[in-house]
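Enquirer: Provide a 3D model corresponding to the input given below.
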Amino acid sequence: MKNKFLIGGLLLFILTLSIACNQKKEEPTAATPAIDNEQIKTEIQAVEDAFAAVYNSGNIDALTYYADDATSFFNGKLPLVGKDAIHQSIKEELANFTKGDKISFETKEVYVSENGNHVVEIGAYKFVDSTGAKLRSGNYFSLFKKIDGKYKCIRDMGNSEPADPTVK
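Expert: Reported below is the predicted structural model:
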């Protein structure tokens, strides 16, 4: 009788081990697509180039860069909340723009969320006059969110470099 319990216990142990070791691992139902940072960097640069083109044309009403609920932290200003407030501030800045002055943006780095819906951009900007001489420049951070398939800026912050490069 003792042997029957021992054999039964051993068989139960082997059966339990067999079932535990042969558990089928669940595969993810949908594979997360690989994120191509260089492609997204190129896409963000195109968004910045379109922003510069609209800015340089003076037609801020055509600007599609900002999401409706964006907040922007411009140098020397209180935070601008909402696309309309940001656009108004840019219009006021353009009123003091000399004809022929141009702005350009350069995307230096991007940090992309795992699903690609958010991108943090680190970039630089430069204002030049009609002869190409640098008037001022600076750096910025922008946070983009993919809305209806396109990246829209939801937060940005910039700073200007000193006019005198010896100032630290």
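Enquirer: partners of the spatially most central residue of the chain in the sheet?
Expert: With distances taken as CA atoms, centre = their mean, V119 lies nearest the centre of the chain, 2.1 Å away. In this entry, V119 is beta-bridged to V112, F144, by DSSP bridges.
Enquirer: What's the separation between it and E93?
Expert: 25 Å (CB to CB, to the nearest Å). All C-beta atoms are positioned from the backbone trio N, CA, C, and that covers glycine.
Enquirer: do T64 as well
Expert: T64 is 18 Å from E93, by CB to CB.
Enquirer: Touching, F127 and S137? I think so.
Expert: Yes. The criterion here is CB atoms under 8 Å, and F127 meets it with S137 at 6.9 Å.
Enquirer: V119 reaches F144, doesn't it?
Expert: Yes. Using CB under 8 Å, V119 is in contact with F144, at 4.5 Å.
Enquirer: I'd like to know which helix or strand in the chain has the lowest mean pLDDT.
Expert: Taking mean pLDDT, DSSP states H and E as the measure, the chain has helix 2-21 as its least confident helix or strand, at a mean of 49.
Enquirer: Show me the helices in this protein, by range?
Expert: 2-21, 37-57, 83-95 (DSSP state H).
Enquirer: Who are the contact partners of the residue nearest to the centre of the chain?
Expert: V119 makes contact with 40, 44, 110-113, 143-144, 151, according to CB atoms under 8 Å, 6 or more residues apart in numbering.
Enquirer: Same check on V110?
Expert: So V110 contacts 37, 40-41, 44, 119-122 (CB under 8 Å, 6+ apart).
Enquirer: Okay, now the unreliable bits of the protein?
Expert: 1-33, 164-168 (pLDDT under 70).
Enquirer: returning to that earlier point: what's the closest of the contacts of V110 to D156?
Expert: Among the contacts of V110, E121 lies closest to D156 (CB to CB), at 8.7 Å.
Enquirer: how far away is N117 from G149?
Expert: Applying CB to CB to N117 and G149 gives a distance of 11 Å.
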